[in-house]
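> here are the coordinates; sequence isn't available:
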């Protein structure tokens, strides 16, 4: 799996990955990914909470590639599970003024200011992350960033060391 990720990143950088842009329901992708990840979180004794705003008129349609967006969301939730020893992971989805806002918050190890600088860079991984996840290639968040940017979206993180992390994705609604 690791070699594939590194290869995919190289292909993404070179524009060799062709995204199959179709009208998709982003909420569907979130719900499917959550269902798949629930057992993994529970096996670690973590609570998994989802807050999906479903007011009348909320729309989660975007123009995107369902496969690659699912890979990106999967990676973000996966990271939260890996780097959280106790507590909970909260996934939030809301429709706000033409933008779809998605976030994953955890009660994990958090990210130091020094590591924040390398977060979404190629091969960028924190000192603590390697200690907890020996399989870390440093390509996960970088590939997520490439996928989100290919969808004209934004991704960022907020965190304090020892106090958990929150990763945010914003995409254009259609």
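Thanks, I have it. Everything numeric here is computed off the predicted structure, so don't read it as measured data. Numbering: from 1, shown residues only.
> what's the first helix or strand after the helix or strand harbouring residue 77?
According to DSSP states H and E, residue 77 maps onto helix 66-82. Moving toward the C-terminus from helix 66-82, the next helix or strand (DSSP H and E) is strand 88-96.
> next, the angle from that following strand to helix 66-82.
140 degrees (axes from the mean of the first three to the mean of the last three C-alpha atoms, to 10 degrees).
> buried residues, the next helix or strand along the chain from strand 88-96. List them.
Counting by DSSP H and E, the element after strand 88-96 in chain order, helix or strand, is strand 99-106. Within strand 99-106, the residues scored as buried using 16 or more other C-beta atoms under 10 Å are 100-106. From N, CA and C alone the C-beta is placed, and that goes for glycine too.
> ok, stretch 104-114 next?
Buried residues in stretch 104-114 (16+ other C-beta under 10 Å): 104-111.
> nearest to residue 27, of those residues?
residue 104 (14.9 Å; C-beta to C-beta).
> surely the closest one is in contact with residue 158?
No - Residue 104 is not in contact with residue 158 according to C-beta atoms under 8 Å; the separation is 11.4 Å.
> what touches both of these two?
residue 166 (C-beta atoms under 8 Å, 6 or more residues apart in numbering).
> please report how far the residue nearest to the spatial centre of the chain lies from residue 169.
By C-alpha atoms, centre = their mean, the mean C-alpha position of the chain lies nearest to residue 76, the distance being 2.7 Å. Residue 76 is 7 Å from residue 169, where distance means C-beta to C-beta, to the nearest Å.
> residues contacting residue 75?
140-141, 143-144.
> any idea of the mean pLDDT in stretch 108-117?
Computed over stretch 108-117, the mean pLDDT rounds to 86.
> residue ranges of the helices in the chain, please?
Taking DSSP state H as the test, the helices found in the chain are 2-13, 26-43, 66-82, 113-116, 127-132, 140-150.
> dump those helices into JSON lines; add distance to residue 54 as well.
As requested, those are exported to JSON lines (distance: least, C-beta to C-beta, whole Å):
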{"stretch": "helix 2-13", "distance to residue 54": "32"}
{"stretch": "helix 26-43", "distance to residue 54": "8"}
{"stretch": "helix 66-82", "distance to residue 54": "18"}
{"stretch": "helix 113-116", "distance to residue 54": "33"}
{"stretch": "helix 127-132", "distance to residue 54": "34"}
{"stretch": "helix 140-150", "distance to residue 54": "23"}
